[in-house]
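Participant: what would the 3D arrangement of this be:
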Amino acid sequence: MSSRLEKLRNIGIVAHIDAGKTTTTERILFYTGKIHAHGDVHDGNTTTDFMVQERERGITIQSAAISCEWAGHEINIIDTPGHVDFTMEVERSLRVLDGAVCVFCAVGGVQPQSETVWRQADRYNVPRLAFVNKMDRMGADFQRVVEEMRTNLKAPACPIELPIGAQESFAGVIDLVNLKSIVYDDASDGKKFTVSDIPSEMMDDALLARAELVEKVADLDEEVMESFLENGDLTAEELIPAIRRQTIAGRFIPVLCGSSFKNKGVQQLLDAVCAYLPSPLDRPPVEATDLKSGEAVTRSTDDPLLTALVFKITSDPYGKLYFVRIYSGTLKKGANVFNPRTLKRERVMKMVRLFADTRIEVDQLEAGEIGAILNLKEVTTGDTLAAEAKACYLERITAPQPVMFMAIEPKSSADKDKLVESMKTLAAEDPTCQFKEDEETGQTILSGMGELHLEILIDRLKREFKCAANVGKPMVSYLETVTQASEKSFVFDRELCGKRHLVELKLKVSPLERGKGVQISLSRQFSNQVQERNLQQCVEQGLADAVSTGVLARFQMTDIAVECVSASQLDPEMSDEVAFRSAAMMGFREVAETCAPEFLEPIMKLEITVPPESVGEVLGDLNSRRGTVLDMSQKGDMQIVHARVPLSKLFGYSTAIRSLTKGRASYSMETDVFEIAPKAVKEEILSK
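Facilitator: Just a heads-up that it's a prediction; the model follows:
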């Protein structure tokens, strides 16, 4: 098995929106022979964008898994979305991949979502290649993009190729490792290309760039340092394994270039994926937690014990697909697997490898592989499937907090159950899609990552699930928090259904730093007083429910620590599960109200590309939206404005920016942080 794993590559294609991820993936499939004619995004016929919504809008919404072969290597590819509303798709894909190809636009360079996906790859220590795409476009500048990678991303980027020509004269690339030129034949869709000596007019630039490459690699890699000091150069046979070692270590980012749409540079990108990105054997063992002892353990590809992570769930008319990455052991058809979260067994009846929306049934998936299981029962995104004998669980995938919501209701009472079940399916597929029923108004609230995300969810409910629904306007999803600490006792004493329920709890609520989430704990004193595990769980559940509904306007709370300090069971017969859970919920609200609660509003980070003559109008508009300008820079003949603006002030911004600049400006945004809302905003929310 190890020889097969050496030739296996699990990679993701990640980038800012419209950098050319899907087109690059389509050309990869074309050159590897998986498809016989390539599609194009603007024609709506690409392989990985198979959803109706993707083909209509020309964007990727769901990550798609495909497999192909190149130069004796098996390559599993996940094509990910670039739009900020679907960043969760990138997050969970990078969580399970061994390497990534980061695509950059040769004109746009390092853009906001480029930085986001780069940070996500850093979080999971994913080795990367960079591919500077769209070299045929007006304004393409390879060296500028490389410099932006070094300065904006702090990336150890180093070209291993140079472009031959640029813009309309882009014809091919110079291979700096082998010092050869590669020129593509347009008539054959780039399938044919000529490898020859470097043109004399480019030789000086090529030798200078190769000298920089060799020196950088020699500085990093001790194995070739001696050869470099002796000869002042490295052969291709020495350079390739050295680049691979440093790329896998994260100390080197090889940069290639091309034009996927014009069929140039993709074959060399495939060669680089095979030569420089890691196999599952090159990655460190995955860290897990032993279910019984709670101690940290590791699982590697040669470990016989099964450890797999369910990182994505999708639904279609034939059932649910559970995407899994196998980290150790072998997952076999017909076998029982153990879910440490539910403490239950699941039987694997059918497994497949995926080619976008096409399935290939298999009998087993081995360590290092990515595949999918059909129709499990109680598995959710982030669950671990393990061997029951020595069960362990992997760290779950954390979903970002939704920033926008809308009210949704069925058009008739007969459709209510169908709508709820459909939303449950969407929420199971997409952890950033959340829904709940407001107890006070009875409305169903659907939450997501932005206007586009909510629009896609509603469209899917209507088309895929045939749910006719009335929807309200998108609104900002605020959060609540506390700014002071307080400790207080609460007595729950009520008669319910003819029985008296009585218990006293002392609760402590205190603020946490931004981004810390919610921490619920039981003190040792409480655990000694109340040793029944079912009663402890009732308190934890009651506190969790109370936190989810807030104290000001029923928004979820965050960045708080809640501790149950002690309990007084005044009468054990009356201190039952109902009493403990109710006391926890009501007591928390009473304590939290004394902790100076505040609203947190989502702040968006904007990058606006604007013509110089319109900068004044744009800055004035940002000021009217409570925006803060962070900095300004020049890119070509356009000004780049970086700003932070509350999401509540950005509804309809695309129309406003077009009006202000006569349609010449463009912008992108992503969630930055949640900050305490100003007093005026708080009063406005409470008055609604």
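Participant: got the CA positions of stretch 177-190 in PDB?
Facilitator: As requested, the backbone C-alpha atoms of stretch 177-190 are provided in PDB (Å, rounded to 0.1, in the frame of the first residue of the first chain):
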ATOM      1  CA  VAL A 177      14.600  24.200 -13.000                       C
ATOM      2  CA  ASN A 178      15.600  22.700 -16.400                       C
ATOM      3  CA  LEU A 179      16.300  26.000 -18.100                       C
ATOM      4  CA  LYS A 180      14.000  25.300 -21.100                       C
ATOM      5  CA  SER A 181      11.300  27.200 -22.800                       C
ATOM      6  CA  ILE A 182       7.800  25.700 -23.300                       C
ATOM      7  CA  VAL A 183       5.700  27.200 -26.100                       C
ATOM      8  CA  TYR A 184       2.100  26.000 -26.600                       C
ATOM      9  CA  ASP A 185       0.200  25.200 -29.700                       C
ATOM     10  CA  ASP A 186      -3.100  27.100 -29.800                       C
ATOM     11  CA  ALA A 187      -4.500  24.900 -32.600                       C
ATOM     12  CA  SER A 188      -4.400  21.800 -30.300                       C
ATOM     13  CA  ASP A 189      -6.000  23.500 -27.300                       C
ATOM     14  CA  GLY A 190      -2.500  23.500 -25.700                       C
END
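Participant: mind listing what's buried in it?
Facilitator: 177, 180-184, 190 (16 or more other CB atoms under 10 Å). For every residue, glycine as well, the C-beta is placed using N, CA and C.
Participant: in the chain, which residue is closest to the centre?
Facilitator: Per CA atoms, centre = their mean, the C-alpha nearest to the average position across the chain is that of Glu91, at 2.1 Å.
Participant: which non-adjacent residue is nearest that one?
Facilitator: Using CB to CB, 6 or more residues apart in numbering and skipping residues adjacent in sequence, the residue nearest Glu91 is Gln120, 5.7 Å away.
Participant: what does Ala65 give?
Facilitator: For Ala65, the closest residue by CB to CB, 6+ apart turns out to be Leu354, at 4.5 Å.
Participant: confirm the one you found sits in a helix?
Facilitator: No: counting by DSSP: H, G, I helix; E, B strand; the rest coil, Leu354 falls outside a helix, being strand.
Participant: still on that earlier bit, looking at the buried residues of stretch 177-190, which has the smallest pLDDT value?
Facilitator: Among the buried residues of stretch 177-190, Gly190 has the lowest pLDDT, at 83.
Participant: check contacts around that residue.
Facilitator: Shown in contact with Gly190 (CB atoms under 8 Å, 6 or more residues apart in numbering): 27, 31, 184, 262-264, 266-267.
Participant: from the residues you listed, which land in strands?
Facilitator: Mapping the contacts of Gly190 onto strands (DSSP state E) picks out Tyr184.
Participant: between the contacts of Gly190, which is nearest Glu480?
Facilitator: Arg27 (48.2 Å; CB to CB).
Participant: these two touch, right, the closest one and Lys264?
Facilitator: No: using CB atoms under 8 Å, Arg27 is not in contact with Lys264; the gap is 9.3 Å.
Participant: how many neighbours does Ser666 have?
Facilitator: 15 (other CB atoms under 10 Å).
Participant: that older thread, between the buried residues of stretch 177-190, which is nearest Ile520?
Facilitator: Val177 (54.6 Å).
Participant: surely that closest one meets Pro241?
Facilitator: No: between Val177 and Pro241 there is no contact under CB under 8 Å: 11.3 Å.
Participant: strands of the stretch 301-450 of the chain, start to end?
Facilitator: 307-316, 319-328, 330-332, 336-339, 344-347, 351-355, 358-362, 364-366, 370-374, 384-386, 392-394, 404-410, 434-437, 444-448 (DSSP state E, counting those that start in this stretch).
Participant: and the fourth one, what does it pack onto?
Facilitator: So that's strand 336-339. Counting contacts by 3 or more CB pairs under 8 Å, 6 or more residues apart in numbering; DSSP states H and E, strand 336-339 is packed against strand 344-347, strand 384-386.
Participant: dump those into a markdown table; add mean neighbour count, mean pLDDT and distance to Gly329 as well.
Facilitator: Formatted as a markdown table, the helices and strands packed on strand 336-339 follow (neighbours: other CB atoms under 10 Å; pLDDT from 0 to 100; distance: least, CB to CB, whole Å):
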| stretch | mean neighbour count | mean pLDDT | distance to Gly329 |
| --- | --- | --- | --- |
| strand 344-347 | 14 | 92 | 15 |
| strand 384-386 | 26 | 92 | 9 |
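Participant: who wins for proximity to Ser279 among those strands?
Facilitator: When these are compared (using CB to CB), the closest one is strand 384-386, at 22.4 Å.
Participant: and the next element down the chain from the lowest-mean-pLDDT helix or strand in the chain?
Facilitator: In the chain, no helix or strand scores lower on mean pLDDT, DSSP states H and E than helix 52-57, which sits at a mean of 53. Later in the chain than helix 52-57, the nearest helix or strand by DSSP states H and E is strand 64-70.
Participant: and the average pLDDT for whatever helix or strand comes next after that next one is what?
Facilitator: Where DSSP H and E defines the elements, the next helix or strand beyond strand 64-70 is strand 73-79. Strand 73-79 carries an average pLDDT of 86.
Participant: then strand 73-79 to PDB, C-alphas only?
Facilitator: Written as PDB, here are the backbone C-alpha positions of strand 73-79 (Å, rounded to 0.1, in the frame of the first residue of the first chain):
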ATOM      1  CA  HIS A  73       0.200   9.600 -10.000                       C
ATOM      2  CA  GLU A  74      -3.400   9.500  -8.700                       C
ATOM      3  CA  ILE A  75      -4.700  13.000  -7.900                       C
ATOM      4  CA  ASN A  76      -7.800  13.600  -5.800                       C
ATOM      5  CA  ILE A  77      -8.900  17.200  -6.400                       C
ATOM      6  CA  ILE A  78     -11.400  19.400  -4.500                       C
ATOM      7  CA  ASP A  79     -12.500  22.500  -6.400                       C
END
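Participant: within the sheet, what are the partner strands of that strand, with directions?
Facilitator: strand 8-15 (parallel), strand 64-70 (antiparallel) (DSSP bridges).
Participant: quick one: mean pLDDT over the first one.
Facilitator: It refers to strand 8-15. 89.
Participant: returning to what we had before: include distance to Thr247 when you put the strands of the stretch 301-450 of the chain into CSV, please.
Facilitator: Below are those laid out as CSV (distance: least, CB to CB, whole Å):
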stretch, distance to Thr247
strand 307-316, 24
strand 319-328, 21
strand 330-332, 29
strand 336-339, 34
strand 344-347, 37
strand 351-355, 27
strand 358-362, 30
strand 364-366, 25
strand 370-374, 21
strand 384-386, 29
strand 392-394, 25
strand 404-410, 39
strand 434-437, 38
strand 444-448, 36
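Participant: tell me the helices and strands packed up against the helix or strand encompassing Thr655.
Facilitator: Here Thr655 sits within helix 653-661, counting by DSSP H and E. On a contact count with 3+ CB pairs under 8 Å, 6+ apart, helix 653-661 meets strand 597-610, helix 615-624, strand 666-676.
Participant: give the other helices and strands that the helix ranked longest in the chain contacts.
Facilitator: With secondary structure taken from DSSP state H, the chain has its longest helix at helix 200-220. Here helix 200-220 touches strand 157-159, strand 161-164, helix 222-231, helix 236-248, going by 3+ CB pairs under 8 Å, 6+ apart.
Participant: okay, angle between that helix and helix 222-231 too, please.
Facilitator: Inter-element angle recorded for helix 200-220 and helix 222-231: 130 degrees (by axes from the mean of the first three to the mean of the last three CA atoms, to 10 degrees).
Participant: which residues does helix 200-220 contact?
Facilitator: Contacts of helix 200-220 (CB under 8 Å, 6+ apart): 156, 158-160, 162, 164, 174, 176-177, 179, 181, 198, 224-225, 228-229, 233-234, 239, 242-243, 246, 251-252.
Participant: and Gln537, that one's in a strand?
Facilitator: No: the assignment for Gln537, made by three-state DSSP, is helix rather than a strand.
Participant: many thanks, we can stop here.
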